[in-house]
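Asker: How does the following fold in three dimensions:
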Amino acid sequence: MFTPNDIAQIEARGLSLAEVERQIENFRQGFPSLPVVRAASVGDGIKRLDDEELKAAEALYEEARGELKTIKFVPASGAATRMFKELFEYVNDDKRTPGIDKLIADLEKFAFFPELAKYLKPQIDDKDVVRNIIIDGLAYGSKPKGLVTFHAYKQGARKPVEEHLVEAALYASDGQRATIHFTVSPEHQEGFEALLKERQSYYEEQFNIKFDVSFSQQSPATDTIAVNLDNTPFRTDDGQLLFRPAGHGALIANLDKLEGDIIFVKNIDNVTTDARKADTITYKRVLAGELLRLQRRSFDLLRRLDAGEDVTAEAAEFLRTELCCKLPEAASEELVRQSLDRPIRVCGMVKNEGEPGGGPFWVRDDEGREQLQIAESSQICKEDIHLMKEATHFNPVDLVCGVKRYDGTKYDLTKYTDPKTGFISQKSAGGRELRAQELPGLWNGAMANWNTIFVEVPVTTFSPVKVVQDLLRNEHQR
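Answerer: All right, here's what the predicted structure looks like:
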């Protein structure tokens with residue numbers, strides 16, 4: 001199937017022939033459905049903290065964070081093509097929708113309007129206005145979301161990168177320094193760096209701290225091979241194999257390289273204005289406090305187990321009641337310890353109000369454990385899809401992660417994924433159809449074997465921008 005040239009191409013990407021053959025087998029066999037048991041709900045996998053618990057969690061984090069290395073991890077790869085899909089269809093295919101009507105009618109309400117106005121000539125028609133948003137002028141159609149102007153302030157407009165700086169200063173700093181890591185596409189990193197060169201010092205002065213900003217890119221070694229519809233390797237016109245980025249699940253390798261005690265994970269487009277940030281700041285601190293509380297108890301039990309104390313039953317009960325990991329009856333001491341000695345993530349969950357996204361579920365694994373996972377509908381078989389409809393909450397991508405052991409060494413995060421999960425979709429290249437494969441999502445299969453805790457957070461902490469018209473919502477207006 002593969003020529004010597006193919007093998008050289010594979011190895012040049014940092015992949016092995018065995019890994020590529022395994023990917024092709026995934027195309028042939030498909031990925032098994034996730035063995036979901038039921039949707040998690042408040043009191044059954046989702047914690048609803050009362051006022052006293054909220055205050056205690058926030059206070060615990062605030063007391064400890066000056067001594068902690070905290071990092072804000074922001075996936076920011078890819079162009080904002082999907083955000084402007086409707087606009088491209090109008091310009092390229094003359095498809096005018098109610099969304100375009102709303103865009104034109106409310107044009108001056110967008111924070112980017114003052115920038116756009118510089119490119120608009122008198123008597124310009126609507127299509128040219130839209131063209132100057134996505135192709136000419138602002139050229140947002142080829143830029144990442146992080147570099148699109150989202151919010152207007154008296155002091156000047158802000159892009160999402162800037163809003164993440166502000167957030168980091170407010171909940172992810174030690175009082176002197178805030179560390180932020182963006183994952184970006186190679187072609188966009190220069191734009192991020194240029195914006196930070198221009199604006200970073202302003203925010204450092206505003207908050208009297210220093211920002212430590214770094215970038216990484218998705219490794220070519222995490223790409224997956226594309227195949228034809230008959231599952232044979234897809235070749236480009238010059239006979240080369242075609243590899244594609246494997247989705248945000250590949251970013252577990254980027255996350256694994258970070259050295260932090262607590263790592264906050266939040267998408268680039270989930271930001272709001274200063275006037276509406278209060279709940280976001282409070283609940284990020286709360287989630288971090290819950291993580292510290294659970295982590296300290298886990299560390300204590302692991303130390304005692306390693307010292308030879310007979311605390312297996314106590315550890316199993318802690319796993320069941322606090323870490324939402326239900327072990328099979330008569331679980332061995334080895335399984336108890338292994339279940340306890342894992343990375344921890346505390347995930348905010350928002351009440352389901354019709355927003356798209358994965359949901360919180362109880363899943364049974366190969367060891368017979370029932371534990372929590374975030375699942376997408378595409379991971380669930382038809383017979384169980386009714387469980388997705390029963391979900392009361394959804395995943396807003398609001399995670400706080402603990403990635404170190406009690407002795408201070410770091411977990412190898414790549415060992416806690418579920419390689420049996422993934423997604424296959426139909427795409428095209430050069431006008432030819434192909435099948436593509438994605439790795440399990442970063443907060444789905446890539447973290448499947450972490451200890452996972454779900455905490456209910458208010459919908460006010462969730463302000464994503466999926467399409468450009470979302471910027472007209474109250475959470476993105478003054």
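Asker: So residue 125 versus residue 132, what's the distance?
Answerer: Note on residue 125: its distance to residue 132, by Cβ to Cβ, to the nearest Å, is 11 Å. (Each C-beta comes from the backbone N, C-alpha and C, glycine too.)
Asker: in the stretch 51-200 of the chain, which spans are strands?
Answerer: With DSSP state E, counting those that start in this stretch as the criterion, the stretch 51-200 of the chain has strands at 70-75, 177-183.
Asker: would JSON lines of those strands with distance to residue 278, mean pLDDT and mean neighbour count be doable?
Answerer: What follows is the strands of the stretch 51-200 of the chain, written out as JSON lines (distance: least, Cβ to Cβ, whole Å; pLDDT from 0 to 100; neighbours: other Cβ atoms under 10 Å):
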{"stretch": "strand 70-75", "distance to residue 278": "18", "mean pLDDT": "97", "mean neighbour count": "24"}
{"stretch": "strand 177-183", "distance to residue 278": "19", "mean pLDDT": "97", "mean neighbour count": "22"}
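Asker: Of the ones you listed, which is nearest residue 418?
Answerer: strand 70-75 (19.3 Å; Cβ to Cβ).
Asker: Within its sheet, name the partner strands of the closest one and how each one runs.
Answerer: Next to strand 70-75 in the sheet, as set by DSSP bridges, lie strand 177-183 (parallel), strand 262-266 (parallel).
Asker: Can you tell me which of the strands of the stretch 51-200 of the chain is nearest to residue 477?
Answerer: strand 70-75 (22.9 Å).
Asker: and the protein, what are its domains?
Answerer: 4-66+219-476, 82-142 (automatic domain parsing).
Asker: lowest confidence element among the helices and strands of this structure?
Answerer: None of the helices or strands of the chain scores lower by mean pLDDT, DSSP states H and E than helix 385-390, at a mean of 79.
Asker: Using PDB, write out every CA atom in it.
Answerer: Below are the C-alpha coordinates for helix 385-390, written out as PDB (Å, rounded to 0.1, in the frame of the first residue of the first chain):
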ATOM      1  CA  ILE A 385     -29.300   9.100  21.500                       C
ATOM      2  CA  HIS A 386     -32.400   9.700  23.600                       C
ATOM      3  CA  LEU A 387     -29.900  10.200  26.500                       C
ATOM      4  CA  MET A 388     -28.400  13.200  24.700                       C
ATOM      5  CA  LYS A 389     -31.900  14.700  24.600                       C
ATOM      6  CA  GLU A 390     -32.400  14.100  28.300                       C
END
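Asker: Parallel or antiparallel, which strands does the next helix-or-strand element following that helix pair with?
Answerer: Sequence-wise, the next helix or strand downstream of helix 385-390 (DSSP states H and E) is strand 393-394. Paired neighbours of strand 393-394 in the sheet (DSSP bridges): strand 344-351 (antiparallel).
Asker: what's stretch 411-421 in contact with?
Answerer: Here stretch 411-421 makes contact (Cβ atoms under 8 Å, 6 or more residues apart in numbering) with 31-32, 34, 249, 252-253, 255-256, 342-343, 379, 403-405, 440, 444-450.
Asker: ok so, going back, can you list the strands paired with strand 70-75 in CSV and add distance to residue 370?
Answerer: Formatted as CSV, these follow (distance: least, Cβ to Cβ, whole Å):
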stretch, distance to residue 370
strand 177-183, 32
strand 262-266, 24
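Asker: what pLDDT, on average, does stretch 244-254 get?
Answerer: Summarised as a single mean, pLDDT over stretch 244-254 is 86.
Asker: Other residues contacting it?
Answerer: By Cβ under 8 Å, 6+ apart, stretch 244-254 touches 75, 77, 181, 183, 216, 218-219, 221-226, 413-414, 417, 422-423, 427, 436-442, 444-447.
Asker: Would you map the helices across the stretch 251-400 of the chain?
Answerer: 252-256, 278-306, 312-321, 333-340, 385-390 (DSSP state H, counting those that start in this stretch).
Asker: Between the ones you listed, which one is closest to residue 54.
Answerer: Closest among those, using Cβ to Cβ: helix 278-306, at 5.6 Å.
Asker: Show me which residues of that closest one are buried.
Answerer: For helix 278-306, burial by neighbour count (16 or more other Cβ atoms under 10 Å) applies to 279-295, 298-299, 301-302, 305.
Asker: One more: stretch 239-257?
Answerer: 241-256.
Asker: so what's residue 460 closest to, chain neighbours aside?
Answerer: residue 279 (4.3 Å; Cβ to Cβ, 6 or more residues apart in numbering).
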